[in-house]
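K.L.:
can't give you the sequence, but here's the structure:
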């Protein structure tokens, strides 16, 4: 027998040009094993065709459906309703933070991708070399790989307390991508791109980015590893110049 819940989806609404945001409640009948994205789509299909949101793959590959659910960054396509509320409960859905709002649940991700490009992150690094020390596969399983795949969802930027206060911060995803490229010895990777007040040194080590990452990329830990590499490089340069003198 199919379980049916009655829930309220409370959606933050604001259209482009509006000066004030508001909350709108929608009463829904759902299967608790459906996802939050399913609930959002029901609102659009049944209640209000003016609701704007972004989605694509529906299985956590594209990263398009990132939103804040009850105040926490989630990929809504893989977030079961039963994990965030109960029968006769309420789910609050709002757009990601630290991005300019386009409309309702849609934000402008262009600066996010520009930061990735500025760091010259070449793409996905999925081999053993790109892993953090604690992620290395054990002896005897060398034929396996630890897949580390940023899906560029932007959840880490939304959760980051530094990005909330500093528009110039490079952001967790781009810095983590640079670390991956360095670890995998990708040609043309330049660690100096992160060696300023907008880069690795601006991070406050809150690890909120790692907590919400749906792909377990661990951006917080990668930024710390990037700092280690920057410090080693500075020490080598300092000692090298001292020996020359």
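P.N.:
Structure received. Note that the structure is a prediction, hence the values are computed from the model and not measured.
K.L.:
return the distance of stretch 56-65 from the chain's centre.
P.N.:
Distance of stretch 56-65 from its chain centroid, counting by CA atoms, centre = their mean, to the nearest Å, is 12 Å.
K.L.:
that stretch spans what distance, first to last residue?
P.N.:
Distance between the two ends of stretch 56-65: 7 Å, counting by CA to CA, to the nearest Å.
K.L.:
equivalent analysis for stretch 87-104, please.
P.N.:
Span of stretch 87-104 from end to end, CA to CA: 26 Å.
K.L.:
any idea how far residue 91 is from residue 79?
P.N.:
For residue 91, the distance to residue 79 (CB to CB, to the nearest Å) stands at 9 Å. From N, CA and C alone the C-beta is placed, and that goes for glycine too.
K.L.:
hey, what's in contact with both of the two?
P.N.:
By CB atoms under 8 Å, 6 or more residues apart in numbering, residue 91 and residue 79 have these common neighbours: 36, 69.
K.L.:
tell me how many other residues surround residue 21.
P.N.:
13 (other CB atoms under 10 Å).
K.L.:
quick check, it in contact with residue 11.
P.N.:
No. Judged on CB atoms under 8 Å, residue 21 makes no contact with residue 11 at a distance of 10.5 Å.
K.L.:
once you drop chain neighbours, what's closest to the spatially most central residue of the chain?
P.N.:
Closest residue to the average C-alpha location of the chain: residue 155 at 2.7 Å, with CA atoms, centre = their mean. Leaving out its chain neighbours, the residue that sits closest to residue 155 by CB to CB, 6 or more residues apart in numbering is residue 73, at 4.0 Å.
K.L.:
tell me which helix or strand the one you found sits in.
P.N.:
Per DSSP states H and E, residue 73 falls inside strand 72-75.
K.L.:
now the helix or strand following that strand: buried residues?
P.N.:
Using DSSP H and E, the helix or strand that follows strand 72-75 towards the C-terminus is strand 90-94. By 16 or more other CB atoms under 10 Å, the buried positions in strand 90-94 come out as 91, 92, 93, 94.
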